[in-house]
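S.K.: Quick one: sequence and predicted model below, then my questions.
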Amino acid sequence: MRTALGVLLIGLLLLLVGCATPPQTAALLALRPAGLPERVELTNVPFFPQVAYQCGPAALATVLVHAGVLTTPEQLTPQVYLPERKGSLQAELLGATRRYGMVAYQVMPTLEAVLREVEAGDPVLVLQNLRLKSLPQWHYAVVVGYDLASARLVLRSGDMERLELPLAQFERSWADGERWAVVVLPPERPPATATEAAYLAAVTALERISPTAAQRAYQTALTRWPNSLVAYIGLGNSAYAQKDLNGAERAYRQAIAAHPDAGDAWNNLGQVLADQGRRADALAAVRRAIELGGPHLEQYRRTLSQITSHAAPRLQSPFGPGVP
């Protein structure tokens, strides 16, 4: 009887443990993703001990320095630390990253994506809640390794250079922050898990701050997605922002060669040709954009009006009206 009761209790405990295991951890351990090594640790990632309430500057310095930026938490603190909040918001971290000419790419909210970025050699900046959901304590850390055999992550966290955390515990703390994770990379190298749309959105955000860095990132995108219309137009827009009219014209013509019906490319080409004094060619290009129509038709008509009246230019971005 005792034995049967013992078996029953063990069974119930195993059931409770199984229910307590977060879904992504359970799936990852049940079936290891193809091509993912059992264990990886990036021992060359720097470590900056956290000062009180300043995990944001410390964690950001960790990934920026690893990406090749010479900075320190002390230099980053005025840019990202909000004294009234006693912490840093994600927007400040992303903005500071772009000011250094780096691409801040938000990783898909899965443990597998985080591990694949680490396996590719890139530490991952993450947001955790170290307390209850009803009484959160937000914390930034950097994932630098994992061990699937022991179901653990390795993080640079707080004042600990090498914190080992069970995958399940990490997933719970990570979920409250909507599984926010970011890799910081130079424009010449795309993230391992990058998708075309998400990467180009990240580059477009960089373009607002550093057209030069964005131009290199758009070129990087074209090595992975050779016919990307958004990358071609972004390349042209970033060249235009640097007053490189020849480079902008070349990019828009490449976009048209790959996508003859892309009204945005025809519109922007027309503006560049107008700036070069090639009015007849410019009018022909913009009129072609108007013929093609589409959601930005009114912008094309405004471009035509601006060219004929010599008004200030306004390029079209595939992410919305005007240069991003």
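M.R.: Cool, the structure landed.

S.K.: going forward, measure contacts and count neighbours with C-alpha atoms only.
M.R.: Fine.

S.K.: What segments of the stretch 51-200 of the chain are helices?
M.R.: Taking DSSP state H, counting those that start in this stretch as the test, the helices found in the stretch 51-200 of the chain are 55-66, 73-80, 90-99, 111-119, 167-175, 196-207.

S.K.: Rebuild these as a markdown table, extending it with mean neighbour count, mean pLDDT and distance to T308.
M.R.: Formatted as a markdown table, those follow (neighbours: other CA atoms under 10 Å; pLDDT from 0 to 100; distance: least, CA to CA, whole Å):
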| stretch | mean neighbour count | mean pLDDT | distance to T308 |
| --- | --- | --- | --- |
| helix 55-66 | 25 | 96 | 47 |
| helix 73-80 | 17 | 92 | 44 |
| helix 90-99 | 18 | 96 | 37 |
| helix 111-119 | 21 | 98 | 50 |
| helix 167-175 | 20 | 97 | 54 |
| helix 196-207 | 21 | 97 | 29 |
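
S.K.: Out of these, the one nearest E41 is which?
M.R.: The closest of the helices of the stretch 51-200 of the chain to E41 is helix 111-119. By CA to CA, the value is 7.7 Å.

S.K.: Remind me what that closest one packs against, helices and strands.
M.R.: Under the contact criterion of 3 or more CA pairs under 8 Å, 6 or more residues apart in numbering; DSSP states H and E, helix 111-119 touches helix 23-30, strand 39-41, strand 124-129, strand 138-147.

S.K.: What strands flank the second one, and is each parallel or antiparallel?
M.R.: Looking back up the chat, that one is strand 39-41. strand 138-147 (antiparallel) (DSSP bridges).

S.K.: The strand it pairs with versus helix 111-119: what angle between them?
M.R.: 70 degrees (axes from the mean of the first three to the mean of the last three CA atoms, to 10 degrees).

S.K.: Give the rounded mean pLDDT of strand 138-147.
M.R.: Taken as a whole, strand 138-147 has an average pLDDT of 97.

S.K.: In CSV, list the C-alpha atoms belonging to it.
M.R.: Taking C-alpha atoms only, strand 138-147 is exported to CSV below (Å, rounded to 0.1, in the frame of the first residue of the first chain):
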residue,chain,number,x,y,z
TRP,A,138,12.7,44.9,-14.3
HIS,A,139,16.2,43.9,-15.2
TYR,A,140,18.4,43.9,-18.2
ALA,A,141,20.9,41.0,-18.7
VAL,A,142,22.9,39.6,-21.6
VAL,A,143,22.7,35.9,-22.6
VAL,A,144,26.2,34.7,-23.5
GLY,A,145,25.7,30.9,-23.4
TYR,A,146,23.5,27.9,-22.9
ASP,A,147,23.7,24.2,-22.1
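
S.K.: where do the strands sit along the stretch 151-300 of the chain?
M.R.: 152-157, 160-166, 181-185 (DSSP state E, counting those that start in this stretch).

S.K.: so which of the ones you listed gets nearest R208?
M.R.: Each of the strands of the stretch 151-300 of the chain was scored for nearness to R208 using CA to CA, and the closest is strand 181-185 (17.0 Å).

S.K.: Show me what that closest one packs onto, helices and strands only.
M.R.: Looks like strand 181-185 contacts helix 55-66, strand 103-106, strand 124-129 (3+ CA pairs under 8 Å, 6+ apart).

S.K.: buried set for the shortest one?
M.R.: So that's strand 103-106. 103-106 (16 or more other CA atoms under 10 Å).

S.K.: Perfect, that will be all.
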